[in-house]
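Visitor: Fold the following.
(chains A and B)
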Amino acid sequence: MNLKEKISLLLPQPKLIPSCWCLTFGLPHIGLGILSRALRDENSNLVFDTGLFNAMKFPPPLDYIRFNRKKHQTYLIRSFLSHNIKDGSTKKKLIFQESLLDYDLYSMLVEEWGEPTAAFSLTTDYDFFKKKYFEKKPRNTQSECKRVFDLCMQTSNQVPSNILSIDRAISLSEFESFMSRKISKRDRNRNPCNIFDF
Amino acid sequence: MNLRPFTDLNYSKRILRSVLKAKVITKFLIGNINWVLVYGPPRTGTSLLARLLSYQSKFLFVDVGLHFARKYPESSNWDKRLSLSYYEKIYFNLLVNAHEGSWFYQKSFSRPIDLVIKQAALRPADYHLLCHAFGLPTRKLFCIREPSSYSLSHKKKFNQPDNIEDDYLFSLKTYEEIGGQIIEYSPNLDLPTYENILFGKKVNIPTSLNFNRHEKVETELEIQYDEFKRKNIASFATA
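Guide: Coordinates of the predicted model:
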């Protein structure tokens, strides 16, 4: 590291906030992207599966480790944003999709960016989720599948959002009415009577 | 490692700690700090070595799980500049908050080592990032232990039989990339010998060593260990 880089460590990082941000979260592999893409427009960036919740767990919460966790997490979120919303870019709106969102990450995001303009989550019953999960991840174990299900359901209960429950076939009109938006171009060729292949 | 909390320090010790911290951070900003790396498989005496070194060092941080910090930027394809500045912030944060060590009460101002970093099962990528942040270490110490004793101790502590061989072999491989002086954790090393290896003199550290002897059990790691020892015999520390 040169002197300039070292001095930059001492300087405060400029605060960058998206003009507005929307949050989508919930069970993976059952169609969360459809919600996120419906929210996206030409002024927004869609970021998904950021893994921020993993990075926020560093370092492990052990009493012999001294680390300014708060400072680190603030830096992490700001760096993440500066990577996804560049200065001078016209796209200042963020669609943040994180299937494995946990409450700690949500609180951190709210602290940095304020409450989301809109928040949507996706839930379903365990059998449908299991079927979809193993289609995508055939090598994973039942216990991992259950762990992901429980984590996502827990977050759905903790984080305030509009919950779309896939417990039956959802039609295009029903979906668009729920989102108050049109489905994205990319998803228009889906079955209009059963968007999420229930 | 049994570390005493900040709150136990009286004002003079707090001032001393702040002075030492300011000295190390200034040194970091204008040049390179004098830091020592301790690594090796878990259960091979890495904690003991870090604790003994802290007698002559200003600060230390141990087993912070450096590789966990790499989970996010790797997965999200950050550009190199952003990624590096992210790690720089992490390491600087660790340096600023580093512990003064368990000998803070015992020792005077003469602490030639600025920082001791101990990380069991260190990954080469994390070593390179440490070097990027702090410059090359003044000294690298690799801890190893005879496989049967290691296996029993590992099993007793972690109860994860799958990791026993993997951790050991991974660390032997890591040594090929990082290198350094090898210290074999065994009942043959007494405290004066350790002091001599670490400081080149007797410093009378007020502690005692407690090596748990285990009966010798043949494992598949013996062959790799013998090969490692034969290949790196010149790097093994002797009293």
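Visitor: so what's A:K71 scoring on pLDDT?
Guide: A:K71 carries a pLDDT score of 89 in this model.
Visitor: in the chain, which spans are helices?
Guide: You didn't pick a chain, so chain A it is. Along chain A, the segments classed as helices by DSSP state H run A:3-10, A:32-39, A:52-55, A:69-84, A:103-113, A:126-136, A:142-158, A:172-179.
Visitor: The intended chain is chain B.
Guide: Remark: helices assigned in chain B by DSSP H are B:11-30, B:46-53, B:71-75, B:80-96, B:124-134, B:147-158, B:161-178, B:191-199, B:221-231.
Visitor: most packed of those helices?
Guide: helix B:46-53 (a mean of 23; mean count of other CB atoms under 10 Å in any protein chain shown). Glycine gets a C-beta too; all of them are placed from N, C-alpha and C.
Visitor: neighbouring contacts of that one?
Guide: Helix B:46-53 is contacted from outside by B:1, B:36, B:38-40, B:60, B:62-63, B:101-102, B:113, B:116, B:118, B:120, B:141, B:143, B:183, B:185, B:194-195, B:198, B:205, B:207, B:209, using CB atoms under 8 Å, 6 or more residues apart in numbering or on different chains.
Visitor: let's see it at 7 Å
Guide: B:1, B:36, B:38-40, B:60, B:62, B:102, B:113, B:116, B:118, B:120, B:141, B:143, B:183, B:194, B:198, B:205 (CB atoms under 7 Å, 6 or more residues apart in numbering or on different chains).
Visitor: Report pLDDT for B:P5.
Guide: Looking at B:P5, its pLDDT is 43.
Visitor: what bits of chain A have low per-residue confidence?
Guide: A:86-91 (pLDDT under 70).
Visitor: ok, which residues in it are in contact with chain B?
Guide: A:1, A:5-6, A:9, A:50-52, A:54-55, A:57-60, A:64-68, A:71-72, A:75, A:79, A:83 (CB under 7 Å from any CB of the partner chain).
Visitor: Please spell out the PyMOL selection for the buried subset of these.
Guide: Listed next is the PyMOL selection for buried residues among the residues of chain A next to chain B, using 16 or more other CB atoms under 10 Å in any protein chain shown:
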select buried, chain A and resi 1+6+9+50+51+52+55+57+58+59+65+66+67+72+75+79+83
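Visitor: wait, doesn't A:P60 sit right on B:D63?
Guide: No: between A:P60 and B:D63 there is no contact under CB atoms under 7 Å: 8.6 Å.
Visitor: Can you tell me the centre-most residue of chain A?
Guide: A:E98 (2.1 Å; CA atoms, centre = their mean).
Visitor: ignore the last one, chain B
Guide: Centre-nearest of chain B using CA atoms, centre = their mean is B:K118, 2.1 Å out.
Visitor: Please name the nearest non-neighbouring residue to the residue nearest to the centre of chain A.
Guide: A:F25 (5.4 Å; CB to CB, 6 or more residues apart in numbering or on different chains).
Visitor: How about the one you found: which residues does it bridge to?
Guide: Beta-bridge partners for A:F25, by DSSP bridges, are A:E98, A:S121.
Visitor: Pull up the gap between it and chain B, please.
Guide: Using CB to the nearest CB, to the nearest Å, A:F25 is found at 17 Å from chain B.
Visitor: now do A:A119
Guide: 22 Å.
Visitor: Around that residue, how many other residues sit close by?
Guide: A:A119 has 19 neighbouring residues, counting by other CB atoms under 10 Å in any protein chain shown.
Visitor: Would you enumerate the residues in contact with it?
Guide: A:23, A:159-162.
Visitor: and the gap between it and A:N45?
Guide: Computed as CB to CB, to the nearest Å, the A:A119 to A:N45 distance reads 17 Å.
Visitor: again with B:I178
Guide: 40 Å.
Visitor: Could you do B:P42 as well?
Guide: 42 Å.
Visitor: Between the two, point out the one with more neighbours.
Guide: A direct count of neighbours by other CB under 10 Å for B:P42 and A:N45 places B:P42 higher, at 21 against 18.
Visitor: For the more buried one, give me its contacts.
Guide: Contacts of B:P42 (CB under 7 Å, 6+ apart): B:120-121, B:154, B:167.
Visitor: ok, those vs A:R40, which is closest?
Guide: B:A121 (41.7 Å; CB to CB).
Visitor: nearest residue to that closest one other than its sequence neighbours?
Guide: B:D167 (5.7 Å).
Visitor: So which residues on chain B come close to chain A?
Guide: Contact residues, chain B versus chain A (CB under 7 Å from any CB): B:1, B:3, B:29, B:62, B:64-65, B:68-69, B:71-72, B:75-76, B:78, B:82, B:86, B:88-90, B:92-94, B:97-99, B:132-133.
Visitor: For the residue in chain A positioned nearest to chain B, list the residues it contacts.
Guide: Proximity of chain A to chain B (CB to the nearest CB) peaks at A:A55, 3.2 Å away. Counting by CB under 7 Å, 6+ apart, A:A55 makes contact with A:76, B:71-72.
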